[in-house]
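Novice: turn this into a structure:
(4 chains)
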Protein chains: 2
Amino acid sequence: MKIGDMAKKAGCKVVTIRYYEKEGLLLEPERSDANYRSYGTEALDRLEFVLHCRKFGMKLDEIRALLSFRDHPQRDCTWVTELIDSHIGGVDAQIASLEHLKTHLEELRHRCEGGLVGNDCGIMRSLDAPEVCASCASSHASCAHKASTSGLAV
Amino acid sequence: MKIGDMAKKAGCKVVTIRYYEKEGLLLEPERSDANYRSYGTEALDRLEFVLHCRKFGMKLDEIRALLSFRDHPQRDCTWVTELIDSHIGGVDAQIASLEHLKTHLEELRHRCEGGLVGNDCGIMRSLDAPEVCASCASSHASCAHKASTSGLAV
DNA sequence: CTTGACTCTATAGTAACTATAGACATTACG
DNA sequence: CGTAATGTCTATAGTTACTATAGAGTCAAG
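Specialist: Numbers count the residues shown, from 1 in each chain, chains lettered A, B, ... in the order given. Take a look at the predicted model:
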């Protein structure tokens, strides 16, 4: 199986496979006479594992750890459940933060119903000096987590 | 006002100010004899405008456009409301995607209640070959938007 | 046999910073 | 007044998970 075939089967791009290989997530495959990568079904399984993990929002570092666990299953997989738990927590925090942001954006949106002159636009004025909302001023509950990529879907 | 003072007043880091300057969001300030940046209140206002926009999740490119609108207010600010609207849409999509991801993570989490042996861990098995969920298989509704930074809070 | 599709490597770019290094300036303390 | 801590300067590299590009070699179909 050549790299393009595997990409098609796994539903990812060719460059992604090469990238994962360079990152050490995928093993270096055999090469053909023409130096083309040649894969078997095990390599495809491994790639799909990685892609599934990505869909669950895991970072490459975390996937690296999961792969080594997959390669050498130890006694206890407690840390795997902890990883998932912490992911759920992170997703919760992101959702909360986005909900909060949304209320602010909607508030901002209602400052201007369009067509107003620029130097009297309510939105622009609000961007100059927005009111502080209670939950923004007092707590940092919704600001707790770091920015991270989202937009992953299963 | 030196750069550190302004950073303190605006609540951002010194490096961020220098970065925004290099990106053309902030004007190049006067310099002291020792080549230190020296700012007035206008510079602080502009910085705060930028930071407010960032809290609303806007990209530096968008802020650049808003700044030039701020500098030269034209007749019509319709595009500002459109910008906000599209941001609200983006946030909605992100929330939907994260909610969807969360259900999958929770589903995954329940595969293993901890303490199981690695090579029979339900989570690991699911990562090898997860079931396809209806909304994942059929539609790409929740996968529509690109990954982007979130975690912004006002 | 040539044309188009596929593969290879290496490098640079993306977004919005963060971190580091090395040098100079200023401020506080004793 | 000296010195040590802090603040400022520039330039460069690193972060994440890819994406894009260039230039060259390989393969399959007509």
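Novice: in chain A, what residue spans correspond to strands?
Specialist: Using DSSP state E, the strands of chain A run over A:30-31, A:37-38.
Novice: report the separation between residue A:105 and DNA strand D.
Specialist: For residue A:105, the distance to DNA strand D (CB to the nearest atom of the strand, to the nearest Å) stands at 24 Å. (C-beta placed from N, C-alpha, C; glycine too.)
Novice: is it correct that that residue is in contact with residue B:91?
Specialist: Yes. At 6.5 Å, residue A:105 and residue B:91 qualify as touching, with contact defined as CB atoms under 8 Å.
Novice: hmm, residue A:10 and residue A:48 touching each other?
Specialist: Yes. When contacts are counted by CB under 8 Å, residue A:48 is listed as touching residue A:10 (5.5 Å).
Novice: okay if I get the strands of chain A as JSON lines plus mean pLDDT, mean neighbour count and distance to residue A:15?
Specialist: Below are the strands of chain A laid out as JSON lines (pLDDT from 0 to 100; neighbours: other CB atoms under 10 Å in any protein chain shown; distance: least, CB to CB, whole Å):
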{"stretch": "strand A:30-31", "mean pLDDT": "96", "mean neighbour count": "10", "distance to residue A:15": "18"}
{"stretch": "strand A:37-38", "mean pLDDT": "97", "mean neighbour count": "16", "distance to residue A:15": "12"}
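Novice: redo the ones you listed as CSV? Include distance to chain B.
Specialist: Listed next are the strands of chain A as CSV, based on distance: least, CB to the nearest CB, whole Å:
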stretch, distance to chain B
strand A:30-31, 23
strand A:37-38, 22
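Novice: pipe those into a markdown table and attach distance to DNA strand C per row.
Specialist: Conversion of those to a markdown table gives the following (distance: least, CB to the nearest atom of the strand, whole Å):
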| stretch | distance to DNA strand C |
| --- | --- |
| strand A:30-31 | 7 |
| strand A:37-38 | 3 |
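Novice: could you dump those strands into JSON lines with distance to residue B:135 added?
Specialist: JSON lines is the format used below for the strands of chain A (distance: least, CB to CB, whole Å):
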{"stretch": "strand A:30-31", "distance to residue B:135": "39"}
{"stretch": "strand A:37-38", "distance to residue B:135": "34"}
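Novice: out of these, nearest to residue B:22?
Specialist: Closest approach to residue B:22 among the strands of chain A (CB to CB): strand A:37-38, 41.0 Å.
Novice: how about that closest one against DNA strand D, any contact?
Specialist: No. Strand A:37-38 is not in contact with DNA strand D by CB under 7 Å from any atom of the strand; minimum separation 10.7 Å.
Novice: quickly run through the sheet partners of that strand, with directions.
Specialist: strand A:30-31 (antiparallel) (DSSP bridges).
Novice: residues making contact with the partner strand?
Specialist: For strand A:30-31, contacts defined as CB atoms under 8 Å, 6 or more residues apart in numbering or on different chains pick out A:37, A:38.
Novice: ok, so what distance separates the closest residue to residue A:92 other than its chain neighbours from residue B:90?
Specialist: Excluding the flanking residues, the one nearest residue A:92 by CB to CB, 6 or more residues apart in numbering or on different chains is residue B:102, at 7.1 Å. Remark: distance between residue B:102 and residue B:90 (CB to CB, to the nearest Å) = 18 Å.
Novice: verify the contact between the residue nearest to residue A:92 and residue A:93 for me.
Specialist: No. In this structure, residue B:102 is not within contact of residue A:93 by CB under 8 Å, at 11.1 Å.
Novice: quick check, residue A:17 in contact with residue A:7.
Specialist: Yes. Counting by CB under 8 Å, residue A:7 is a contact partner of residue A:17 at 5.9 Å.
Novice: so which of these two has more stuff around it?
Specialist: The neighbour comparison of residue A:17 against residue A:7 (other CB atoms under 10 Å in any protein chain shown) goes to residue A:17, with 24 against 18.
Novice: mind listing what that one touches?
Specialist: Contacts for residue A:17 (CB under 8 Å, 6+ apart) come out as A:3, A:6, A:7, A:10, A:26, A:47.
Novice: torsion angles phi and psi at the fifth one?
Specialist: It stands for residue A:26. Note on residue A:26: its backbone torsions stand at phi -110, psi 150 [degrees, to the nearest 10].
Novice: contact partners for the spatially closest residue to residue A:63 that is not a sequence neighbour?
Specialist: Leaving aside its chain neighbours, residue A:63 sits nearest to residue A:53 (4.6 Å; criterion: CB to CB, 6+ apart). By CB under 8 Å, 6+ apart, the residues touching residue A:53 are A:62, A:63, A:66, B:127.
Novice: neighbours of the nearest residue to residue A:12 once chain neighbours are set aside, how many?
Specialist: Closest residue to residue A:12 apart from its sequence neighbours, by CB to CB, 6+ apart: residue A:51 at 5.9 Å. Using other CB under 10 Å, residue A:51 has 16 neighbouring residues.
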